[in-house]
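Chemist: Build me a structure from this.
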Amino acid sequence: MQISEIDHSKYKERTVSGRYVNMSHIGSFLKQVSRDFLVENIGESVQGEAIRSVTLGSGNFRILLWSQMHGNESTTTKAVLDVLNFLKDDLGTAKEILNHCTLKIIPILNPDGARAYTRSNANEVDLNRDAQDRSQPESKVLRSAYDGFKPHYCFNLHDQRTIFNVGSSRRSATVSFLAPAHDQERNTSPTRAISMQLIVAMNQLLQQMIPGQIGRYDDAFNANCVGDTFQMMNTPTILFEAGHYPEDYEREKTREYIFYALLQALTVITRDEVAEYEKEKYTDIPENGKQFADVLIRNIAAVDPGQGANTTLLIRYKEELQKDHVEFVPQTTYSENEEKFFGHVEYDCLNTKDLELLQNSKLSKYLRK
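Modeler: Residues are numbered from 1 along each chain as shown. Predicted coordinates for the structure are as follows:
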């Protein structure tokens with residue numbers, strides 16, 4: 001079976017949805033999945049919450065995956081649960097993966113950050129800048145898992161903001177990838193080349209599903225980042241970035257594409273097909289731009305005479321946890337370069353219909369006239 005023929009909706013874990021995902025939300029799932037796979041406590045967070053892993057498969061290819069290193073980046077956690085549901089199935093592809101691969105998955109590496117919906121851990125440390133010092137218990141847990149498991153591949157799973165577009169296009173970067181650099185010069189080591197080849201394989205699949213919506217993340221080298229560190233240690237490592245799909249602020253569509261990307265990578269590894277993909281095509285994937293606003297209002301001077309003639313109002317949402325739910329709180333800036341930015345939703349104050357819609361919406365408070 002081709003990965004594109006798999007029905008994601010059949011495997012979607014419906015008990016976990018939305019942007020706010022912590023250990024309480026996935027507890028019942030882990031209890032249920034422990035009937036089929038090995039679920040272990042592998043350490044504790046700063047605040048003493050258990051960090052758990054799921055180990056499955058019996059194959060020679062060892063793959064370490066971790067999600068929610070940043071506590072407010074939950075889309076890939078949801079996708080990992082969906083992948084586990086798929087791998088519990090009796091399908092040939094699932095059996096094939098488990099016969100050839102052994103997976104160790106840490107669904108939430110930063111439980112305290114996940115509960116507080118913060119990027120950092122409870123000590124306000126970004127775990128993805130702690131790879132060398134390993135000053136935090138969560139960093140030590142990940143490194144211990146790496147050292148003990150000795151993976152052949154590492155998948156570092158994250159979310160990215162709605163600001164990212166693909167290249168200079170108007171297309172949102174729904175999924176982005178990075179083969180982390182292993183040195184300051186960003187040379188292509190043998191293991192980085194393997195990361196590139198796997199990304200090419202995933203891009204090839206996703207282009208069939210969301211053409212033009214796959215980007216390449218900035219590869220500036222930072223030895224304090226976990227991906228760069230593991231790449232330096234000669235383990236092919238891939239950064240996954242779950243981004244924005246139109247009108248999908250809960251990231252339920254994006255989780256679907258991360259699900260397919262993960263299964264594509266696992267299948268290519270399983271079938272020992274990595275070498276069939278050209279690493280040179282990695283750089284054909286456009287690098288991400290940062291040109292999106294959540295809402296863009298052009299010609300704002302028509303209702304706010306204090307602004308310049310070509311001024312555009314940009315509204316970008318700040319995610320805030322409010323009563324166990326993530327609210328998207330508008331933050332405003334102005335730009336006089338109206339051609340530089342795109343909006344996931346756009347209005348033009350010189351358009352009568354747009355102006356009427358704005359005046360009758362929650363955005364009306366940003367109109368001064």
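
Chemist: drop to CA atoms for contacts and neighbour counts, all remaining ones
Modeler: OK.

Chemist: Now do stretch 256-266: everything it contacts.
Modeler: For stretch 256-266, the external contacting residues (CA atoms under 8 Å, 6 or more residues apart in numbering) are 3-4, 8, 76, 79-80, 82-83, 97, 175, 198-199, 201-203, 205-206, 242.

Chemist: Need the CA coordinates for that stretch. CSV is fine.
Modeler: The C-alpha atoms that make up stretch 256-266 are tabulated as CSV, following Å, rounded to 0.1, in the frame of the first residue of the first chain:
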residue,chain,number,x,y,z
GLU,A,256,-2.7,14.8,9.2
TYR,A,257,0.2,15.9,7.0
ILE,A,258,2.7,15.3,9.7
PHE,A,259,1.2,11.8,10.1
TYR,A,260,1.8,11.1,6.4
ALA,A,261,5.3,12.6,6.5
LEU,A,262,6.3,10.4,9.4
LEU,A,263,4.9,7.2,7.8
GLN,A,264,6.7,8.1,4.5
ALA,A,265,10.0,8.4,6.4
LEU,A,266,9.5,5.2,8.3
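
Chemist: Now do that stretch: distance to the chain's middle.
Modeler: 12 Å (CA atoms, centre = their mean, to the nearest Å).

Chemist: tell me the mean pLDDT for it?
Modeler: Stretch 256-266 shows a mean pLDDT of 98.

Chemist: go on, stretch 122-139?
Modeler: Mean predicted confidence for stretch 122-139 is 98.

Chemist: same deal with stretch 315-332?
Modeler: 95.

Chemist: again with stretch 16-34
Modeler: On average, stretch 16-34 scores 98.

Chemist: What of stretch 156-163?
Modeler: What stretch 156-163 shows for mean pLDDT is 98.

Chemist: now swap in stretch 353-360 and tell me
Modeler: Mean predicted confidence for stretch 353-360 is 93.

Chemist: Pull the CA coordinates from it and hand them back as CSV.
Modeler: Below are the C-alpha coordinates for stretch 353-360, written out as CSV (Å, rounded to 0.1, in the frame of the first residue of the first chain):
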residue,chain,number,x,y,z
LYS,A,353,-17.7,45.3,1.1
ASP,A,354,-14.5,44.7,3.0
LEU,A,355,-15.0,47.8,5.1
GLU,A,356,-18.6,46.8,6.0
LEU,A,357,-17.4,43.3,7.0
LEU,A,358,-14.7,44.9,9.2
GLN,A,359,-17.1,47.3,10.8
ASN,A,360,-19.4,44.5,11.8
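
Chemist: how about the strands in the chain?
Modeler: Assigned by DSSP state E, the strands in the chain fall at 38-44, 50-57, 61-67, 101-106, 153-159, 165-166, 175-178, 214-216, 237-242, 288-289, 292-298, 312-321, 326-335, 342-348.

Chemist: Would you write a PyMOL line that selects the buried entries of the contacts of stretch 256-266?
Modeler: Buried residues within those, by 16 or more other CA atoms under 10 Å, are selected in PyMOL with:
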select buried, resi 3+8+76+79+80+82+83+97+175+198+199+201+202+203+205+206+242
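
Chemist: Without its sequence neighbours, what residue ends up closest to residue 237?
Modeler: Leaving aside its chain neighbours, residue 237 sits nearest to residue 154 (4.6 Å; criterion: CA to CA, 6 or more residues apart in numbering).

Chemist: And the helices in the chain, which stretches?
Modeler: For the chain, applying DSSP state H gives helices covering 23-33, 75-88, 92-100, 111-116, 137-149, 190-209, 226-232, 252-270, 352-359.

Chemist: so which of those helices comes closest to residue 57?
Modeler: Of all those, it is helix 92-100 that lies closest to residue 57, at 4.1 Å by CA to CA.
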